[in-house]
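K.L.:
Fold the following for me, if possible:
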Amino acid sequence: MKKINGIDNFSINSGSIITLGTFDGVHKGHQKILKKLIKEAKKLNLESIVLTFFPHPRTVLNPSFPLKLINTINERTRLIEKSGIDTLITHPFDKNFSELSPEEFVKDILVNKLNIKKILIGYNHRFGKNRTAGIKDLKTFGIKYNFKVIEINVQEQNNVSISSTKIRNSIIQGNIKKAKSYLGYDLSLKGRVVKGNEIGRTIGFPTANLEIEEDYKLIPKNGVYLISTILEKQIFFGMMNIGVKPTLEIEKESIEVNLFDWGKDIYGEFIEVFILDYIRDETKFDSLIDLTDQIKIDKKTCLKLIEKK
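P.N.:
This is a model prediction of the structure:
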């Protein structure tokens, strides 16, 4: 897959079929659309293109809106690449781009830059300055500029929007299994391992403190989770705590991972943690001993779940 950063860095000699959107989550609804796009591209011998935007348009047009995303930009790119699309164009969304009129967007971007012959788009898609144009306008432009519009029907479009909402809510609620049922893959967190307060070592549960660089990444609710990761080409299971460590009266939010059967130093390394299940809520215990006893129970719970996998 060709990865293009910015429409101005893209050129094409053949015709293309495209779809566009934010594709946050690249969930089952999105995957269905991408499969349809690839199928049409092969049938018509066209280049399949996904046009997406970063940062998310909503954060540019409404900076006060606290939007958290299911995927980082790198995760989104990787997931779209798995679909088999020919080209992914990630265009920087800014105020200037948002000022394009509907016809300017169609003529200057879709026609002149992408050379589209077909576009696969949702029935309720809005585009152009102030989102003034819709599917009917796009079809009119299609007649004028010689491209066809494939409309994603109401049911397909609802599958896309409902899934995105349900996934975000599921993650916020810690319902990892439900999130996976919509995503079609395990939710993950990727970050650098940094030094923490090292209290875990003193109670027999050393942890890797994960620092997520992307502040727009949606983090699951506070609590304990069963996780896995890949180190030295092997899968290791473990448990992860997200929260403020109330028993220790530490108010700073942290993500701490205790890996089973791993004893090496990984400070400074980037690791990706796959979240497999939710174990329990974050709880304040009366003492460090009580906390340690609960962590032992958590580990037993995790090991039982691993046996079932």
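K.L.:
And the helices in the chain?
P.N.:
Ranges of helices in the chain, per DSSP state H, are 28-44, 57-61, 73-82, 95-98, 102-104, 135-145, 154-173, 176-183, 199-202, 288-308.
K.L.:
want to try TSV for those helices, with mean pLDDT, mean neighbour count and distance to residue 116 as columns?
P.N.:
Just so you know, the C-beta spots here come from the backbone N, C-alpha and C atoms, and that holds for glycine as well. Shown next, in TSV, are those (pLDDT from 0 to 100; neighbours: other CB atoms under 10 Å; distance: least, CB to CB, whole Å):
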stretch	mean pLDDT	mean neighbour count	distance to residue 116
helix 28-44	93	18	12
helix 57-61	87	15	20
helix 73-82	96	17	18
helix 95-98	91	12	18
helix 102-104	95	16	14
helix 135-145	95	16	8
helix 154-173	78	16	20
helix 176-183	93	18	29
helix 199-202	76	14	54
helix 288-308	93	14	48
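K.L.:
Show me the one of the ones you listed that comes nearest residue 255.
P.N.:
helix 199-202 (12.7 Å; CB to CB).
K.L.:
centre of the chain versus that closest one, how much separation?
P.N.:
How far helix 199-202 lies from its chain's middle: 32 Å, per CA atoms, centre = their mean, to the nearest Å.
K.L.:
Return the residues in contact with residue 14.
P.N.:
45-47, 115 (CB atoms under 8 Å, 6 or more residues apart in numbering).
K.L.:
Export those as TSV, with columns for distance to residue 97.
P.N.:
Shown next, in TSV, are these (distance: CB to CB, whole Å):
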residue	distance to residue 97
45	30
46	25
47	22
115	19
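K.L.:
which among those residues gets closest to residue 269?
P.N.:
Closest to residue 269, out of all of these and judged by CB to CB, is residue 47, at 37.7 Å.
K.L.:
re earlier: turn the helices of the chain into JSON lines, columns for distance to residue 223.
P.N.:
Shown next, in JSON lines, are these (distance: least, CB to CB, whole Å):
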{"stretch": "helix 28-44", "distance to residue 223": "25"}
{"stretch": "helix 57-61", "distance to residue 223": "27"}
{"stretch": "helix 73-82", "distance to residue 223": "22"}
{"stretch": "helix 95-98", "distance to residue 223": "38"}
{"stretch": "helix 102-104", "distance to residue 223": "46"}
{"stretch": "helix 135-145", "distance to residue 223": "42"}
{"stretch": "helix 154-173", "distance to residue 223": "10"}
{"stretch": "helix 176-183", "distance to residue 223": "10"}
{"stretch": "helix 199-202", "distance to residue 223": "17"}
{"stretch": "helix 288-308", "distance to residue 223": "10"}
